[in-house]
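Novice: okay, here's the prediction I keep looking at, along with the sequence it came from:
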Amino acid sequence: MAGGLKSTEPEEEFVHSPFIRKQGNIYKPNNKKPDGDMDNDSLNEKSMMDDVHTKEIDLVNRDPKHVNDDVVKVDFVDVIAEPAGTYSFDGVWKASFTTFTVTKYWCYRLLTALVGIPLALIWGIFFAILSFVHIWAVVPCIKSYLIEIHCVSRIYSIFVHTFCDPLFEAMGKCFSNMRITTSKGV
């Protein structure tokens, strides 16, 4: 064995090569390798800081969390179906299928081109405001409430142990010797 370590894992061969985007992403246009004048630690810090503020977008799988799996997957056969015995002409069925599919496809594309970017802007502003309110108002109020309620709970606990415990203990001793019997009167 001259030459070093040999890998024990076999190399994988793909029948179809996966789609690999070679150009920089629109959200990370400078995906180039950095120059060799920086050491590895500063490179890792710089790349981690970049990753916090930028995200790569997957142009192939646009619903990775399967948000809309059961909502908008509507095909021709989900909407229009002919029961046995009441079939239209084959040409009409094929033309209807093509018309439905192409119309749905292009209407969606047109609507997203016209309304998608303004709605993305509106939803971005909405979720930014929601995040801001949650981070700067809701959580501090809840934490403040929990701190204040802790003091109140201690005072309440002292009050119960000082006044209510002896009272209920005395009542328990008074009523512990009582016996109740029931009898049926005929």
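Specialist: Arrived safely.
Novice: where does this protein dip in pLDDT?
Specialist: For the chain, the stretches with pLDDT under 70 are 1-54, 186.
Novice: run the last query once more with 80
Specialist: 1-57, 63, 68-73, 185-186 (pLDDT under 80).
Novice: please give the element, helix or strand, for the residue minimising distance to the centre of the chain.
Specialist: The centroid of the chain falls nearest to K65 when counting by C-alpha atoms, centre = their mean (7.3 Å). Of the helices and strands defined by DSSP states H and E, none includes K65.
Novice: from here on, count from 20
Specialist: OK, 20 is where the count begins now, so the last one is K84.
Novice: tell me the spacing between it and D77.
Specialist: 11 Å (C-beta to C-beta, to the nearest Å). From N, CA and C alone the C-beta is placed, and that goes for glycine too.
Novice: kindly report the same for C193.
Specialist: 74 Å.
Novice: for the helix or strand where I174 lies, the distance to its chain's centre please.
Specialist: Here I174, judged by DSSP H and E, is contained in helix 158-178. Remark: helix 158-178 is offset 32 Å from the chain centroid, using C-alpha atoms, centre = their mean, to the nearest Å.
Novice: helix or strand next in line after that helix, which one?
Specialist: Next along from helix 158-178, by DSSP H and E: helix 184-194.
Novice: which neighbouring elements make contact with that following helix?
Specialist: If contacts are counted by 3 or more C-beta pairs under 8 Å, 6 or more residues apart in numbering; DSSP states H and E, helix 184-194 sits against no helix or strand.
Novice: any idea how far that helix is from the chain center?
Specialist: 54 Å.
Novice: just so I have it, where are all the helices in the protein?
Specialist: For the chain, helices defined by DSSP state H occupy the ranges 59-72, 95-98, 109-130, 136-152, 158-178, 184-194.
Novice: which among the ones you listed is found nearest to T200?
Specialist: helix 184-194 (15.3 Å; C-beta to C-beta).
Novice: CA atoms only for the closest one, dumped as CSV, please.
Specialist: Listed next in CSV are the C-alpha coordinates belonging to helix 184-194 (Å, rounded to 0.1, in the frame of the first residue of the first chain):
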residue,chain,number,x,y,z
ASP,A,184,-54.8,26.4,57.7
PRO,A,185,-55.6,26.8,61.5
LEU,A,186,-59.3,27.6,60.8
PHE,A,187,-59.8,24.5,58.5
GLU,A,188,-57.8,22.3,60.9
ALA,A,189,-60.0,23.4,63.8
MET,A,190,-63.1,22.8,61.8
GLY,A,191,-61.8,19.4,60.8
LYS,A,192,-61.3,18.4,64.4
CYS,A,193,-64.8,19.7,65.3
PHE,A,194,-66.5,17.7,62.6
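Novice: what residues sit buried inside that helix?
Specialist: Buried residues in helix 184-194, defined by neighbour count with 16 or more other C-beta atoms under 10 Å: none.
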